[in-house]
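Visitor: Output the structure for:
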Amino acid sequence: MTTTTLAVLVPLLPFLGAAAGLLLGRGAPGFVRPLAVLPTLAALVLAVLVAARQGGGRAVDAVTELTPTGSVPVELALHIDGFAALVAVLVGCVATCVQIYSTGYLRDDPRYPSYAALVSLFTSAMFLVVYSGDLMVLLVGWEIMGICSYFLVGHYWETPEARAASLKAFLVTKLGDVPFLIGLLALATEAGSFRITKILGAVANGSLDHPTLIALLLLAGVAGKSAQFPLHTWLPDAMAGPTPVSALIHAATMVAAGVYFVARLLPLFQASRAAMVVLAVMAAITMVGSALAALAQDDIKRVLAYSTIGQLGYMTGALAAGDRGAAVFHLLTHGAFKALLFLAAGVIIHAAGTNSLAAMSRMRGLRDRVPDAYWTMTVALLALAAIPPFSGFFSKESVLVVAEHVATGHTEHAPGAAGWTVLVAGLVAALLTAAYATRLWLLAFRGRGAEAPDHGRQPLAMNAVLWVLAIPSLALGGLAFRLLPDWFDGHDLTPTLTTSVLGTGVALVGGIVTYAAWRHTTALAPRTPLGAVAAHPEGDAALVEAEAIASHTPAYGDIAYAPDPSDPGRLLLGPLHRHAAVGFHLDAVYTTLLVRPVQAGASLVRFLDREVVDTYVRAAGTLPRWLGTAVRRAQTGNVQTYVSALLAGTVVLAVAAVLVASGA
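Guide: Numbering: from 1, shown residues only. From the prediction side, this is the model:
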């Protein structure tokens, strides 16, 4: 079987599994789990075979024209280079783990068949994006992921949070997709093709007339899909969906698509220095802002969501420095440890016997109750904090290295300003990342909140997946930079002394300071039930209760507990905490600048429709009705009345005739 045939089967198998799951799920429940797991697992095996045959060497290209368009042709094209082969393996691995994990996590969910089918369709769409060599076909996978995320985030549609989150995710990403589509059409018009290879050839020949405009339009779509500033606000709210869905979206599919797209078309963005600077600024704001927000979140999944936003900022920062190898390297390692973080969080949530309870300030005694999640999440958090020798250290180090090379003029792949911006923001974000990773570990596993009921040991499928993902979280970085340089355009990804010392140093400082702050706050504020003055730093029982109500404090048994005052995030952020906790009010800004004007415009249109347009419509029917009423009243059926009216009319006509004759 040829490599091309294998590559075609990779997205096709999950698609067929999704179709079969939707058709047979209700009628044949025994087939639901095999139809969810086996096609995705087979796609993973085929993706590994494709990667082995591609071998990091020359790209595999195949093309057939779908239909004549009369202008720019749309072709079913494959373009599989080292990046595509590795990313496809990541997608297949994470998707398979998510499907296996979901068989335990959602074993009692009545909507599991539709959920599993949508996850398979989601996976198929991402495979299509990864392997596609034609931008129009890539756009199909891009949009399928958007609609799948809408349904999966809203899986618990009974809750208003899930309904609002799914709608917000759909609308915000579509806000970026509109300029993205315009940019694709403009790019294809100037290059004469949707084929990625032909577009890159046109870029190399200088055939594009408006590279800056096209690049900025495409960046809007990337910002929406990959949750980069300022279109990142949908991702934290998307945590209302099932936790395995969060793992899939954050680790291997939707949010990775934007970074992967820029990596595929990086020469186009490099053709515009302005676009590279914009990309660098976007990455810097995203890295630092999301890390500050993560340090203030109480919900464990929202911490991880903001963490994803920040790590994607590192990837876009590497792209802004002109190195797609470092960006994709971090994409791979991040996919492993972020999937592990979310699935471990799912074990914690599952242990609490609920779908969405994840408030860290209410956690207590979890280390002994969920030992698998404890040890594997510790590995993943160390990788996230970029502590050597965990995988995140090597990939994050590669980003800092390329930024440092651009900043100091060792390479001219990007403007020096872009390099300095990414380097400084990356170091600041490394400090903050270690801080919120340490805070998460302390509050989740050494917390002093209320102890949730013990629901027993978690299903084997869930715990086994955690250990599978712990292996690449620990070892992938160290193996990749030694064994896979050819897969990354031949770039050397070996860490350098300067950035290694700086990056590891600031990470250790962030972790140590956070631990010290936790010890300080713990000593001052022991755990106290809701309403107790001593437990709250403000010393106001009413304020304790108000905060608990506002943050939806759950009750365990007969006692509800206020937010844990030992949270080091409050001490570290100080007055910035309340702003960071709500994402620096960006949603409020959007409400003021976009939502309210749209609502006002809709109200005006509704007023004009009801009071102006409908008035004319009602008048068109009222006037004939009045005339009909008048005529109907004249028809009395009395002959004398008719004769009297006839005589009166005759007299009037006679008088009128006399007047006309006399005037003549």
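
Visitor: Please pull out the lowest mean pLDDT helix or strand from this protein.
Guide: With mean pLDDT, DSSP states H and E as the measure, the helix or strand of the chain carrying the lowest mean pLDDT is strand 555-556 (a mean of 34).

Visitor: pLDDT weak spots in the chain?
Guide: 26-28, 352-357, 365, 448-456, 481, 490, 525-566, 664 (pLDDT under 70).

Visitor: need the strands for it, in chain order.
Guide: Taking DSSP state E as the test, the strands found in the chain are 60-67, 74-80, 555-556, 559-560.

Visitor: deepest of those strands, which one?
Guide: Compared across those, strand 74-80 shows the largest average neighbour count, a mean of 21 (mean count of other C-beta atoms under 10 Å). For every residue, glycine as well, the C-beta is placed using N, CA and C.

Visitor: Give me the distance from that one to the chain's centre.
Guide: Chain-centre distance of strand 74-80: 26 Å, with C-alpha atoms, centre = their mean, to the nearest Å.

Visitor: packing partners for it?
Guide: Identification of packing neighbours for strand 74-80 by 3 or more C-beta pairs under 8 Å, 6 or more residues apart in numbering; DSSP states H and E yields helix 3-24, strand 60-67, helix 112-131, helix 135-153, helix 196-204.

Visitor: closest one to residue 610 among the ones you listed?
Guide: helix 135-153 (31.2 Å; C-beta to C-beta).

Visitor: would you put the C-alpha positions of the closest one in PDB?
Guide: This file holds the C-alpha atoms of helix 135-153, laid out as PDB (Å, rounded to 0.1, in the frame of the first residue of the first chain):
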ATOM      1  CA  LEU A 135      -6.000  25.700   1.400                       C
ATOM      2  CA  MET A 136      -9.700  25.300   0.400                       C
ATOM      3  CA  VAL A 137      -9.700  21.700   1.500                       C
ATOM      4  CA  LEU A 138      -7.900  22.800   4.700                       C
ATOM      5  CA  LEU A 139     -10.700  25.300   5.200                       C
ATOM      6  CA  VAL A 140     -13.200  22.500   5.200                       C
ATOM      7  CA  GLY A 141     -11.500  20.700   8.100                       C
ATOM      8  CA  TRP A 142     -11.000  24.100   9.800                       C
ATOM      9  CA  GLU A 143     -14.800  24.800   9.800                       C
ATOM     10  CA  ILE A 144     -15.800  21.200  10.700                       C
ATOM     11  CA  MET A 145     -13.700  21.600  13.800                       C
ATOM     12  CA  GLY A 146     -15.600  24.800  14.600                       C
ATOM     13  CA  ILE A 147     -19.000  23.200  14.400                       C
ATOM     14  CA  CYS A 148     -17.800  20.100  16.400                       C
ATOM     15  CA  SER A 149     -16.400  22.300  19.100                       C
ATOM     16  CA  TYR A 150     -19.800  24.000  19.300                       C
ATOM     17  CA  PHE A 151     -21.600  20.700  19.900                       C
ATOM     18  CA  LEU A 152     -19.000  19.200  22.200                       C
ATOM     19  CA  VAL A 153     -18.500  22.300  24.400                       C
END
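
Visitor: how many neighbours does the closest residue to residue 92 other than its chain neighbours have?
Guide: Once flanking residues are discounted, residue 92 sits nearest to residue 44: 3.2 Å by C-beta to C-beta, 6 or more residues apart in numbering. The number of residues packed around residue 44, counting by other C-beta atoms under 10 Å, is 24.

Visitor: Now do the same contact list for residue 44.
Guide: If a contact means C-beta atoms under 8 Å, 6 or more residues apart in numbering, then residue 44 has 89, 92, 93, 95, 96 as its contacts.

Visitor: likewise residue 424?
Guide: For residue 424, counting by C-beta under 8 Å, 6+ apart, the contacting residues are residue 284.

Visitor: Same question for residue 491.
Guide: 323, 325, 326, 485.

Visitor: Please apply the same query to residue 3.
Guide: With contact taken as C-beta under 8 Å, 6+ apart, residue 3 is in contact with 50, 53, 54, 60, 80.

Visitor: Identify the spatial nearest neighbour of residue 464, chain neighbours not counted.
Guide: Leaving aside its sequence neighbours, residue 464 is closest to residue 100 (7.7 Å, by C-beta to C-beta, 6+ apart).

Visitor: ok, so what distance separates that neighbour from residue 13?
Guide: The gap separating residue 100 from residue 13 is 16 Å, by C-beta to C-beta, to the nearest Å.

Visitor: ditto for residue 46
Guide: 7 Å.

Visitor: contacting residues around the residue nearest to residue 464?
Guide: By C-beta under 8 Å, 6+ apart, the contact set of residue 100 is 37, 461, 464, 465.

Visitor: If we use 10 Å, what do you get?
Guide: With contacts defined as C-beta atoms under 10 Å, 6 or more residues apart in numbering, residue 100 is in contact with 33, 36, 37, 40, 41, 244, 461, 462, 464, 465, 468.

Visitor: Could you tell me which of those count as buried?
Guide: Among the contacts of residue 100, those classed as buried by neighbour count (16 or more other C-beta atoms under 10 Å) are 33, 36, 37, 40, 41, 244, 461, 462, 465, 468.

Visitor: Let's see which of these end up in helices.
Guide: Assignment to helices by DSSP state H places the following of these there: 33, 36, 37, 40, 41, 244, 461, 462, 465, 468.

Visitor: hang on, the earlier thing: and the contacts of residue 44, which is closest to residue 17?
Guide: Among these, residue 95 lies closest to residue 17 (C-beta to C-beta), at 10.8 Å.

Visitor: since we're on the residue nearest to that closest one when sequence neighbours are not counted, how many residues are nearby?
Guide: Of all residues beyond its chain neighbours, the one nearest residue 95 is residue 123 (4.1 Å), with distances taken as C-beta to C-beta, 6+ apart. For residue 123, the tally of surrounding residues (other C-beta under 10 Å) stands at 33.

Visitor: gap between residue 477 and residue 396?
Guide: Taken as C-beta to C-beta, the spacing of residue 477 relative to residue 396 amounts to 9 Å.

Visitor: longest single helix anywhere in this structure?
Guide: Longest helix in the chain by number of residues (criterion: DSSP H): helix 160-191.

Visitor: Just want the angle from that one to strand 74-80.
Guide: For helix 160-191 against strand 74-80, the angle by axes from the mean of the first three to the mean of the last three C-alpha atoms, to 10 degrees is 100 degrees.

Visitor: can you state the direction angle for helix 160-191 and helix 196-204?
Guide: Interaxial angle of helix 160-191 relative to helix 196-204 (the same axes, to 10 degrees): 60 degrees.

Visitor: next one: helix 160-191 to chain centre, how far?
Guide: For helix 160-191, the distance from its own C-alpha centre to the chain's C-alpha centre is 12 Å (C-alpha atoms, centre = their mean).

Visitor: same question, stretch 257-272
Guide: How far stretch 257-272 lies from its chain's middle: 19 Å, per C-alpha atoms, centre = their mean.

Visitor: Export only the CA atoms of it, formatted as PDB.
Guide: Provided in PDB are the C-alpha atoms of stretch 257-272 (Å, rounded to 0.1, in the frame of the first residue of the first chain):
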ATOM      1  CA  ALA A 257      -4.700  24.300  13.900                       C
ATOM      2  CA  GLY A 258      -3.900  28.000  13.800                       C
ATOM      3  CA  VAL A 259      -0.200  27.600  14.900                       C
ATOM      4  CA  TYR A 260       0.200  24.700  12.400                       C
ATOM      5  CA  PHE A 261      -1.300  26.900   9.600                       C
ATOM      6  CA  VAL A 262       1.200  29.700  10.200                       C
ATOM      7  CA  ALA A 263       4.000  27.100  10.300                       C
ATOM      8  CA  ARG A 264       2.900  25.800   6.900                       C
ATOM      9  CA  LEU A 265       2.800  29.300   5.400                       C
ATOM     10  CA  LEU A 266       5.600  30.900   7.400                       C
ATOM     11  CA  PRO A 267       7.400  32.300   4.300                       C
ATOM     12  CA  LEU A 268       4.300  34.300   3.500                       C
ATOM     13  CA  PHE A 269       4.400  36.000   6.900                       C
ATOM     14  CA  GLN A 270       8.100  36.500   6.600                       C
ATOM     15  CA  ALA A 271       7.500  38.400   3.400                       C
ATOM     16  CA  SER A 272       6.000  41.200   5.600                       C
END
